[in-house]
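In: The amino acid sequence is not available; the structure is as follows:
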C-alpha cells in the first residue's frame, strides 16, 4: 500500500537556527527539540522515511507556531524562511517529501495574506494554521481574506492545536500542570477552533474550505453525541446571549458542519479510537498521518504503529486506498501513483 | 435486561427552591432548568422512569455544583438539604430511585469531610465530586481526608465536569463562546481532573478509590494513544519543571492509572464512541448511565438512545449484565436483582 503521511513535522535548517536564537525558542527547544534529530536533521529524517516501503511525507513546521516565536515585526520574514526551506526540501527530495504545508505569520494579518498568496502560487500543497493566534480566536474578521484565498486555491488547511492564552497564562493552575495542556488540552483546542469556524459563520461564508483537523478531529468524534444534541440546543444552557438566533442563521445543522471537516489518523497508534474517528468522518474524509517524529523512538514509532492499526482494520480496498494515499493525492494536488 | 442508571440529575424540592433564590441560581436556572420539569418535578420524573421497563436510577444533584452556588457560609447547609432530599426520595420511591450520590460543600473542606462521614454512614451510595472546586484543582492537600474517608467507605466517586476558573473568567474569549465550554470543554475537564488525581499521587495514596468519570471517561479513551505515549515522555516537552522525577515516584505507568478508572455510558446515544470507551475501560469498569433529563425531549431521549446503543453492540451476556446493572449493584452496594 502506498502511504502519504499528511501531517508530520520538520524544521529546515535556516528556520531551525532562527528558532534556537529566539528567546521563546531557547526555552521550549532546549530539551524538547534538540533531543529529536529527525525534527531538524534532514539526513536522519530521510533515514526514517526510507525505513518504510512506499511511504512519503507532506512536511510542515513544528511547534511552537511562528506567531508564538516572534512578534509581527519578524514573523513575516520567519514564515517566508520556513516555507522556502520546506519548498526546497520538496524540490530536492521529491521521492520522500511529496509536498509541504506552509505556515503564515498570523500575528501580522496583512503579511499573512501576502504570504498565503505567495506560497499558494508557488506550489504549496496546504496551509498549516493553528487553533488560535497567540491566544486569540481564529474567526476574527481580519482573517477572512486569508480564508478566502485559501478556499479559492482549493488547497486544504491543516489545523494544528496550540493552547489558548487562557491556558498559557495560567501555567500553574488547574489544567496547566503535568503537560495536561498538550496531552489532552490540544485535542480540546482543536474542537474549540472547529466550533468557532462553524458558529462564527466562516464555514457558511467559505463553504468549500477544507479543514483537516489533526488527531482525527480532536475531541469531536468521541463526543459526536454532545456535538449533535447539545449544540442543537444551543442557548438552552445560557441566559446571557440569545444563541437561538445564531442557530437560525446557520445554513446547516451544527452537527453537519463538523461531519464535513476532515481528520488525520495521528492518534499515536490507538486502534479503537481510529475506528471511532473513521466512523465519524467516513473514508472520504480521513487522511493517513503519523505526527512523526514525536514518538518515543523519535521518528519511526508512530509511523509503524499507525500503519499497523490501518492494516488491522479490514477496510474495503477502495476505502483503504483513499485513507492511505488517495485523499491526500486529491486534496494536496499530488501526482497520482 | 435490568438497567440501573448510574449518573443522572434531579433537584429535590427544598434545594431547588434555595437555588432559585440564589443569585447564581437565578442567572443559570432561568432558561436552563425551569424548562426541564423532570429535573425538579418528582411526578414528571417518575413518569419518565416508569416509561422504561426494569429501569431504575441512582440520583444526584445537577449543575451548578453547590460550591459554585453559594459560599462556604451556606454551602454546608445547602449540601445537607440537597442530600437529605435525595435520601428521602430513595426512601419514598425505592422501586424507581435505588440509590443516590451525595454532594459535598467542597469550598468548606472541614464541613465537606463531616458531610461525607454523615452521608456515607447514612446510606449514600456514592459521592458526587466535580472536576474542580470553584476553579481550583481537586488534588489539594486539604481534600486528602475526604478522599481517605471515601476510600474507606468502599463507595465510588461520581466525577462530574465543571469548567475551570480559567474558562469561567474568560466568557467571551477563545473557548468560552457558543457553549464550547460545556459541550466539549467539560469532557476535557474530566480528563484534566483524572490526570491531577494521577500525577498528584492521590491514586497512589488511596489505591482503592473508585472514580467513575462521567461521559465514558471524558477525553481520555479517544486519546488513549497520547495518554499512553505522551505521558510516558512527561518532561520531554517542558523545561521549567523536572517531571522525570515525578514519573519515577509514581507506582505505575501513567496509562495504567487511567485504565483503572471507571466510565459511564452517558455519550448522548453515540454508538462508535461507546464501543471506543468500552474497549478502553473494559466491561468491568463501565456503568450504564443516561445523563437524564438533559436530552431534547427533556427526560426520555438519552435513556432510550443509550439503551438502544447497548442493545446493538452484541456484547456477551455476562458483559452486558455487568454494564447494564451488575457493576452498579456492586459498586453502589445495591440489592442484587
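Out: Noted; the coordinates are in hand. In this text, all values refer to a predicted model and were calculated from it rather than measured experimentally.
In: which residues does residue A:128 bridge with?
Out: Residue A:128 forms beta bridges with residue A:103, residue A:158, as assigned by DSSP bridges.
In: Counting neighbours, what do you get for it?
Out: By other CB atoms under 10 Å in any protein chain shown, 27 other residues sit near residue A:128. In this view, the C-beta of every residue, glycine as well, is placed from N, C-alpha and C.
In: Verify the stated contact: it with residue A:62.
Out: No - taking CB atoms under 8 Å as the definition, residue A:128 is not a contact partner of residue A:62, at 10.0 Å.
In: and residue A:106, which of the three is it?
Out: coil (DSSP: H, G, I helix; E, B strand; the rest coil).
In: Check what pLDDT the residue of the stretch 101-250 of chain A found nearest chain B gets.
Out: The minimum distance from the stretch 101-250 of chain A to chain B, using CB to the nearest CB, falls at residue A:225 (2.7 Å). Residue A:225 is assigned a predicted lDDT (pLDDT) of 98.
In: list the contacts for it?
Out: B:267-270, B:273 (CB atoms under 8 Å, 6 or more residues apart in numbering or on different chains).
In: out of the residues you listed, which touch chain A?
Out: B:267-270, B:273 (CB under 8 Å from any CB of the partner chain).
In: from those residues, which ones fall inside helices?
Out: residue B:273 (DSSP state H).
In: List just the nearest of the ones next to chain A among the contacts of residue A:225 to residue A:327.
Out: residue B:273 (22.8 Å; CB to CB).
In: Just list the residues touching the closest residue to the closest one other than its chain neighbours, thanks.
Out: The shortest distance from residue B:273 to any non-neighbouring residue, by CB to CB, 6 or more residues apart in numbering or on different chains, is to residue A:222 (4.7 Å). Each residue near residue A:222 by CB under 8 Å, 6+ apart is listed here: A:273, A:276, B:187, B:216, B:219, B:221-222, B:267, B:273, B:276-277.
In: Over to residue A:222: give its phi and psi.
Out: Main-chain torsions, residue A:222, degrees, to the nearest 10: phi -70, psi -30.
In: now residue A:126
Out: According to degrees, to the nearest 10, residue A:126 has phi -170, psi 170.
In: could you say which helix or strand contains the closest residue in space to it that isn't next to it in sequence?
Out: Spatial nearest neighbour of residue A:126, excluding adjacent residues (CB to CB, 6+ apart): residue A:101 at 3.8 Å. For residue A:101, the host element (DSSP states H and E) is strand A:97-103.
In: Need the contact partners of that strand.
Out: So strand A:97-103 is contacted by A:4, A:7, A:49, A:56-61, A:65-66, A:79, A:82-83, A:86-87, A:89-90, A:115-116, A:119-120, A:124-128, A:158, A:332-335 (CB under 8 Å, 6+ apart).
In: the longest helix in chain A is where?
Out: helix A:75-92.
In: Tell me where the stretch 201-337 of chain A has strands.
Out: A:211-213, A:262-264, A:286-287 (DSSP state E, counting those that start in this stretch).
In: what packs against the shortest one?
Out: Spelled out, that is strand A:286-287. If you count contacts as 3 or more CB pairs under 8 Å, 6 or more residues apart in numbering or on different chains; DSSP states H and E, strand A:286-287 packs onto strand A:3-9, strand A:262-264, helix A:327-332.
In: and these as TSV, adding distance to residue A:136, mean neighbour count and mean pLDDT?
Out: Shown next, in TSV, are the helices and strands packed on strand A:286-287 (distance: least, CB to CB, whole Å; neighbours: other CB atoms under 10 Å in any protein chain shown; pLDDT from 0 to 100):
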stretch	distance to residue A:136	mean neighbour count	mean pLDDT
strand A:3-9	23	26	98
strand A:262-264	24	27	98
helix A:327-332	28	22	98
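In: got these as TSV, with distance to residue A:244 columns?
Out: Below are these laid out as TSV (distance: least, CB to CB, whole Å):
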stretch	distance to residue A:244
strand A:3-9	37
strand A:262-264	29
helix A:327-332	35
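In: out of those, nearest to chain B?
Out: strand A:262-264 (11.3 Å).
In: any residues touching the closest one, and which ones?
Out: With CB under 8 Å, 6+ apart as the criterion, strand A:262-264 contacts A:6-7, A:156, A:210-217, A:221, A:277, A:280-281, A:285-289, A:327, A:331.
In: before we move on, back to that, out of the contacts of residue A:222, which is nearest to residue B:235?
Out: Scanning the contacts of residue A:222 for proximity to residue B:235, where the rule is CB to CB, the winner is residue B:219, at 21.3 Å.
In: for the stretch 51-200 of chain A, which spans come out with low pLDDT?
Out: A:164-176 (pLDDT under 70).
In: Okay, helices next: where are they in it?
Out: A:66-69, A:75-92, A:109-121, A:144-153, A:165-168, A:180, A:186-199 (DSSP state H, counting those that start in this stretch).
In: Show me which residues of the strand holding residue A:101 are buried.
Out: A:97-103 (16 or more other CB atoms under 10 Å in any protein chain shown).
In: For stretch A:321-334, measure first residue to last.
Out: 15 Å (CA to CA, to the nearest Å).
In: got the contact list for residue A:180?
Out: Counting by CB under 8 Å, 6+ apart, residue A:180 touches B:191-192, B:195-196.
In: What of residue A:75?
Out: A:66-67, A:69, A:105-108, A:111.
In: In space, what's closest to it - neighbours in sequence excluded?
Out: For residue A:75, the spatially nearest residue (CB to CB, 6+ apart) is residue A:105, at 3.5 Å.
In: still on that earlier bit, would you list the contacts of residue A:180 in a markdown table and tack on neighbour count and distance to residue A:19?
Out: Shown next, in a markdown table, are these (neighbours: other CB atoms under 10 Å in any protein chain shown; distance: CB to CB, whole Å):
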| residue | neighbour count | distance to residue A:19 |
| --- | --- | --- |
| B:191 | 30 | 30 |
| B:192 | 30 | 29 |
| B:195 | 25 | 29 |
| B:196 | 21 | 32 |
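In: What separation do you get for residue A:20 and residue A:34?
Out: Residue A:20 is 8 Å from residue A:34, where distance means CB to CB, to the nearest Å.
In: neighbour-wise, which of these two wins?
Out: Using other CB under 10 Å as the criterion, residue A:20 and residue A:34 rank with residue A:20 on top: 15 against 12.
In: Using the three-state scheme, assign the more buried one.
Out: Residue A:20 is classified as helix under three-state DSSP.
In: And it, what's its pLDDT?
Out: Looking at residue A:20, its pLDDT reads 83.
In: Please report how far it lies from chain B.
Out: From residue A:20 over to chain B the distance is 13 Å, taken as CB to the nearest CB, to the nearest Å.
In: Residue A:14 now?
Out: Relative to chain B, and taking CB to the nearest CB, residue A:14 is found at 24 Å.
In: which secondary structure elements does the helix or strand containing that residue contact?
Out: Taking DSSP H and E as the definition, residue A:14 sits inside helix A:13-21. Packing partners of helix A:13-21 (3+ CB pairs under 8 Å, 6+ apart): helix A:23-32, helix A:75-92.
In: Next, count neighbours for residue A:318.
Out: Residue A:318 has 10 nearby residues by other CB under 10 Å.
In: quick one on the thing from earlier: distance between the strand holding residue A:101 and the chain's centre?
Out: Distance of strand A:97-103 from the chain centroid (CA atoms, centre = their mean, to the nearest Å) equals 12 Å.
In: angle of it against helix A:13-21?
Out: 40 degrees (axes from the mean of the first three to the mean of the last three CA atoms, to 10 degrees).
In: one step back: export the contacts of residue A:225 to JSON lines and append columns for neighbour count and pLDDT.
Out: Below are the contacts of residue A:225 laid out as JSON lines (neighbours: other CB atoms under 10 Å in any protein chain shown; pLDDT from 0 to 100):
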{"residue": "B:267", "neighbour count": "30", "pLDDT": "98"}
{"residue": "B:268", "neighbour count": "25", "pLDDT": "98"}
{"residue": "B:269", "neighbour count": "24", "pLDDT": "98"}
{"residue": "B:270", "neighbour count": "27", "pLDDT": "98"}
{"residue": "B:273", "neighbour count": "29", "pLDDT": "98"}
